[in-house]
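Fold the following for me, if possible:
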Amino acid sequence: MEITYIIVVGIVAYIFGAINKLFVDDLPNKFIPIQNVGIGIVAGIICYFTKIEPDLMKSVFLCLIATMSAGGIADLTKIFKKEGN
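So this is what the prediction gives:
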């Protein structure tokens, strides 16, 4: 089940990213966590309605955790590249 969450989150994130690139030229970095929350909520709803997870709250919560942790990991890699580590 957990790998299915990751696939759904990845697809939704790709769609959001493509929409972002098409319609918004420069999105400030401070709005990326808000976008990640939107991705998590949409992915959680998709997982619930496709019967991957029978509980809506748990589905949204798990997808929110996945998106926010992915955003945190991406930020950490940027920090390490800036410092030259």
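
pLDDT of the helix or strand harbouring Val9, averaged?
Using DSSP states H and E, the element containing Val9 is helix 2-23. Per-residue pLDDT values over helix 2-23 give a mean of 83.

Contacts for it, please.
27, 35, 38-40, 42-43, 46-47, 50, 52-53, 62-63, 66-67, 70 (CB atoms under 8 Å, 6 or more residues apart in numbering). Heads up, the C-betas are built off the backbone N, CA and C, glycines and all.

Looking at these, which are in helices?
Counting by DSSP state H, those place 35, 38-40, 42-43, 46-47, 62-63, 66-67, 70 in helices.

Can you say which of those residues are buried?
Among the ones in helices among the contacts of helix 2-23, those classed as buried by 16 or more other CB atoms under 10 Å are Gln35, Ile39, Gly40, Val42, Ala43, Ile46, Cys47, Leu62, Cys63, Ala66, Thr67, Ala70.

could those residues be laid out in a markdown table, adding pLDDT and distance to Lys78?
Putting those into a markdown table (pLDDT from 0 to 100; distance: CB to CB, whole Å) gives the following:
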| residue | pLDDT | distance to Lys78 |
| --- | --- | --- |
| Gln35 | 85 | 16 |
| Ile39 | 88 | 19 |
| Gly40 | 89 | 20 |
| Val42 | 92 | 25 |
| Ala43 | 91 | 23 |
| Ile46 | 92 | 28 |
| Cys47 | 89 | 28 |
| Leu62 | 89 | 25 |
| Cys63 | 87 | 23 |
| Ala66 | 86 | 19 |
| Thr67 | 85 | 17 |
| Ala70 | 78 | 13 |
